[in-house]
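**Student:** Provided below are the primary sequence and the corresponding predicted coordinates.
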Amino acid sequence: MKRYKFFIIIVISFNLLSCVSNKYLKLVKSEKKYPKLDYFDSFATIQIVERTNKFYYSDSLTKRFSLKLDSIIDSNKENYRINNKIKISNDKLRDSINREISSLYYNLTSPLFGANKIKIPKVIDSLLESRKQRFAIVVKGFGYIYNKENTILKKVKGRLVNLATIGFAGTPPIKNQLSLSFLIIDSKKDEIAAYIGLPPVYKNPMDKVATKANLDNLFIGNIVDKKLQY
């Protein structure tokens, strides 16, 4: 039951973020500079869109997408000016951290919180403190993948589905879509120090070239070029 509730939170939080992801999302507090950042496992979700424009979460593709993101990041650490992955061998601890990361992203979209009011959850905070580490970065990847049998009417159908569900489930894009963002956690100040998201692109999230190009934009355009480091 706990895993089921966690899955619901993930889907809702990513759907809410996808609703606003057509805008360039940016929050960088003051003009803070960061040391080279260690990073958590990439946080990702993939949804498959059927011919009826109903969509569902794909666990297998989500895992593949997350591993793809981590592989690209690991291979480009020098270019992206980041350090090493925060390795967590304990499954229970990893699940707790994933739930807290999901909660952070969900709260970013909530009018009750807003980025300036979000506190860092206790498990992530304790982990970073135990590592004597103030900052860490989390990359989020979100994507829609259409079945090849989908038709040219998918945009119209999507609007009909959206009306039928009163907008809760959201409307899928008209074709494959990929969107990436990151947030930087500050455990000392107990806050999200930076949150930056790129506009979505109509690319298959499983396309390594497209994903690499977007990660380049995310990291090089917002950390390296803007010199958000000591």
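**Tutor:** That came through, no problem.

**Student:** and the closest residue to residue 43 other than its chain neighbours, how many residues sit next to it?
**Tutor:** By the measure of CB to CB, 6 or more residues apart in numbering, the closest residue to residue 43 outside its immediate chain neighbours is residue 140, 4.8 Å from it. C-betas here are computed from N, CA, C, even on glycine. Applying the criterion other CB atoms under 10 Å, we find 24 residues in the vicinity of residue 140.

**Student:** Direction included, what does the longest strand seen in the chain pair against?
**Tutor:** Longest strand of the chain, by residue count under DSSP state E: strand 135-146. Partner strands for strand 135-146, per DSSP bridges, with pairing direction: strand 37-39 (parallel), strand 43-49 (parallel), strand 177-186 (antiparallel).

**Student:** Relative to residue 181, how far out is the residue nearest to residue 43?
**Tutor:** As judged by CB to CB, to the nearest Å, residue 140 and residue 181 stand 5 Å apart.

**Student:** do the same with residue 219
**Tutor:** When CB to CB is the yardstick, residue 219 and residue 181 sit 11 Å from each other.

**Student:** What segments of this structure are strands?
**Tutor:** In the chain, the segments counted as strands under DSSP E are 25-28, 37-39, 43-49, 55-57, 82-85, 135-146, 177-186, 191-197.

**Student:** closest one to residue 213 among those strands?
**Tutor:** Proximity of the strands of the chain to residue 213 was assessed by CB to CB; the nearest stretch is strand 177-186, lying at 9.8 Å.

**Student:** Now that closest one: average pLDDT?
**Tutor:** Over the span of strand 177-186, the pLDDT mean works out to 92.

**Student:** remind me which residues of this protein are low pLDDT?
**Tutor:** Counting by pLDDT under 70, the chain contains low-confidence residues at 1-33, 109, 111-116, 148-170, 224-230.

**Student:** Report the beta-bridge partners for the residue lying closest to residue 173 once chain neighbours are set aside.
**Tutor:** Excluding its sequence neighbours, the residue lying closest to residue 173 (CB to CB, 6+ apart) is residue 144, at 5.6 Å. Beta-bridge partners recorded for residue 144 (DSSP bridges): residue 47, residue 177.

**Student:** Residue 180 versus residue 144, what's the distance?
**Tutor:** Applying CB to CB, one obtains 14 Å for the distance of residue 144 from residue 180.

**Student:** ok, the two, which is more surrounded?
**Tutor:** Neighbour tally, residue 144 and residue 180, criterion other CB under 10 Å: the higher count belongs to residue 180, 26 against 23.

**Student:** correct me, but residue 193 touches residue 184?
**Tutor:** Yes: counting by CB atoms under 8 Å, residue 184 is a contact partner of residue 193 at 4.6 Å.

**Student:** Give the full set of residues in contact with residue 188.
**Tutor:** Contacts for residue 188 (CB atoms under 8 Å, 6 or more residues apart in numbering) come out as residue 134.

**Student:** Need the phi and psi values for it.
**Tutor:** With angles defined as degrees, to the nearest 10, residue 188 shows backbone torsions of phi -70, psi -50.

**Student:** Give me the nearest residue to residue 56, chain neighbours excluded.
**Tutor:** residue 48 (5.8 Å).

**Student:** To clarify, my last question referred to residue 123.
**Tutor:** Residue nearest to residue 123 in three dimensions, not counting chain neighbours: residue 96, with 4.7 Å by CB to CB, 6+ apart.
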